[in-house]
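K.L.:
could you work out the structure for the sequence below:
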Amino acid sequence: MNLLGKILTVGIAFVATMLLVVSMMVYSTHKNWKTSYDTLKTQLSEARNQNQQLQSKYDSLDSQLQAEVEASQQDVRKLESERVQLIAQSSLIQKRLDSLLQEQRSNTAAVASTQANNEELTKEVASLRLALRENQQKRDEAFSAMVKATDKVHQAQGKLSTLVERNGQLTQEVAMKSSLLRSHGFDPTATPDAVVPQVRGLVSSMRRNATGQLIEVTVGADDGLRKGQTLEVFRGERYLGRAEIIRTEPDRAVARIIRKFQQGQIQEGDHVATKLRVG
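P.N.:
The predicted structure follows:
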């Protein structure tokens, strides 16, 4: 048995139960069925009249509802058309807004670039002003230095005149001294190292080492002797030989006997000289 059969069965059972109850009630009350029928018929007629009135009212309300629905649909179509127009306008406004934003960004970048350029120009102007002040200060210093230099030039010119005069005097003195040196056998153009002083001394001691015989003499660096010069050794009128200076001290010197010039036995007390005088 399906669900519909079950429902019908239950419905039939329920109706039967109700009929049973009604029958029992009718039986118990002993009502007049004719009176009840007339009353129910009157109620049915009133209910039908009321139903017709309600149906007429329903039809009227339904017509009004249909009219309102049509009006609402027209309003909806109108609003939809306005919505489409608004969407199109919104799209145009958005494009314009994007364009304005792009233009604003470009203007902002241009303003930033201009501001940076202005800052650079401000720094450059400040630097130029500083350089101008420094150049003006240097110009003033240069002018002051030029004045001082002019004074120094004038002073130098005075000194130059004095020096020229002194140079003439020194030139005359040099000429006189050069003539005097030539008269004594000296070359005035020779360097001081090439000039051998005329000194005389004595052999103070003698010793020998691996390089040969050495002598110590009583004259030294204070007398003008230098390493590499030679001394002539003699005793009275007898020439004994030549020695090369290998070390000097302020008041003495050590020399090595040159064997090829040796002509006698050298002893303590013999004389030494840088040059021998003949006659």
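
K.L.:
okay, and residue 168 sits in which element?
P.N.:
Assessed by DSSP states H and E, residue 168 sits inside helix 33-183.

K.L.:
who are the packing partners of the very next helix or strand once past that helix?
P.N.:
Later in the chain than helix 33-183, the nearest helix or strand by DSSP H and E is strand 200-209. Packed against strand 200-209, as judged by 3 or more C-beta pairs under 8 Å, 6 or more residues apart in numbering; DSSP states H and E, are the following elements: strand 212-217, strand 271-273. For every residue, glycine as well, the C-beta is placed using N, CA and C.

K.L.:
again, only this time at 6 Å
P.N.:
For strand 200-209, the elements it packs on are strand 212-217, judged by 3 or more C-beta pairs under 6 Å, 6 or more residues apart in numbering; DSSP states H and E.

K.L.:
give the buried residues for the strand it packs on.
P.N.:
By neighbour count on 16 or more other C-beta atoms under 10 Å, the buried set for strand 212-217 is 213, 214, 215, 216, 217.

K.L.:
partners of that strand in the sheet?
P.N.:
If you go by DSSP bridges, strand 212-217 pairs up with strand 200-209 (antiparallel), strand 252-258 (antiparallel).

K.L.:
can you redo those strands as TSV with distance to residue 237?
P.N.:
Formatted as TSV, these follow (distance: least, C-beta to C-beta, whole Å):
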stretch	distance to residue 237
strand 200-209	15
strand 252-258	20
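
K.L.:
okay if I get these as TSV plus mean neighbour count?
P.N.:
TSV is the format used below for the strands paired with strand 212-217 (neighbours: other C-beta atoms under 10 Å):
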stretch	mean neighbour count
strand 200-209	13
strand 252-258	20
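
K.L.:
so which of those strands is nearest residue 74?
P.N.:
strand 252-258 (143.4 Å; C-beta to C-beta).

K.L.:
give me the contact list for the closest one.
P.N.:
By C-beta atoms under 6 Å, 6 or more residues apart in numbering, the residues outside strand 252-258 that reach it are 212-217, 220, 225, 231, 242-247.

K.L.:
same thing but 7 Å
P.N.:
With C-beta atoms under 7 Å, 6 or more residues apart in numbering as the test, strand 252-258 has contacts from 211-220, 225, 231, 241-247, 266.

K.L.:
just the buried ones from the residues you listed?
P.N.:
Buried among the contacts of strand 252-258 (16+ other C-beta under 10 Å): 213-220, 225, 231, 241-243, 245, 266.

K.L.:
follow-up on the earlier one: closest to residue 172 out of the buried residues of strand 212-217?
P.N.:
Of all the buried residues of strand 212-217, residue 217 has the smallest distance to residue 172: 40.3 Å, by C-beta to C-beta.

K.L.:
can you list the buried residues of strand 212-217 in TSV and add pLDDT and distance to residue 252?
P.N.:
Formatted as TSV, the buried residues of strand 212-217 follow (pLDDT from 0 to 100; distance: C-beta to C-beta, whole Å):
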residue	pLDDT	distance to residue 252
213	91	17
214	94	12
215	95	11
216	96	6
217	96	7
